[in-house]
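> the following block contains a protein sequence and its predicted model.
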Amino acid sequence: MGQPGMSHASSARKASLDFAPLVLIADDEPVIRQIYGELLDGQPVRVLTAADGQEALALAEAWVPELLVTDIGMPRLDGFGLIRALRRLYPGVPVIVTTGAERYSGRLVEEVAAELGVVAILKKPVELSRLQHAIWSAVPFLGPVPPAPAADSIRAA
């Protein structure tokens, strides 16, 4: 039996990934979740996706994530609320924030993210090469960090 929101893989591949580290992706846009998941396809990780912070928190309570990639503006529980809750469960989990927002509750997104120990903030639309670089930098089991992205990299919507 697979995990909810797990990226597509053959049953043999799923069996080989039973103990692979988990990357949790939270974004309210289905196409973004799909694109980010496809970026990790073929890597030695399991990927779980959530449509909002509440769903991501429920997944994190059931499956310990090695990394969280989250949007900020989501229904029910926003990204910073998710990060705060995740920090209570797993204080050391690296977090990458993706957002189009400049401010959060009247403060700069960067200020709030720094207080919460976020390892990277990527502005939407996210350049996939920047996301890949941030993920590989945050999670050492993926191997060598890819080179820094070029300015004209492909972006996710």
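Yep, it's here.
> the residue most central in space within the chain sits in which helix or strand?
Geometric centre of the chain, nearest residue: residue 69, 1.5 Å, by CA atoms, centre = their mean. Here residue 69, judged by DSSP states H and E, is contained in strand 67-71.
> note down every partner strand of that strand and its orientation.
strand 22-26 (parallel), strand 95-99 (parallel) (DSSP bridges).
> other residues contacting the last one?
The set of residues that contact strand 95-99 without belonging to it, under CB atoms under 8 Å, 6 or more residues apart in numbering, is 27, 32, 67-73, 79, 83, 86, 109, 113, 116-124, 126, 131, 134-135, 138. Yep, even glycine has a C-beta here, placed from its N, CA and C like the rest.
> now the buried members of the residues you listed.
Applying 16 or more other CB atoms under 10 Å to the contacts of strand 95-99, the neighbour count classes 27, 32, 67-72, 79, 83, 86, 109, 113, 118-122, 124, 126, 131, 134-135, 138 as buried.
> which ones among those are found in helices?
Judged by DSSP state H, those include 32, 79, 83, 86, 109, 113, 131, 134, 135, 138 as members of helices.
> out of these, who's nearest residue 93?
Proximity of these to residue 93 (CB to CB) peaks at residue 86, which lies at 6.1 Å.
> wait, the closest one sits on residue 93?
Yes: counting by CB atoms under 8 Å, residue 86 touches residue 93, with 6.1 Å between them.
> winner for burial among the strands paired with strand 67-71?
Across the strands paired with strand 67-71, averaging neighbours per residue (mean count of other CB atoms under 10 Å) puts strand 22-26 on top, at a mean of 26.
> and it, how far from the chain's centre?
Distance, stretch centre to chain centre, for strand 22-26: 5 Å (CA atoms, centre = their mean, to the nearest Å).
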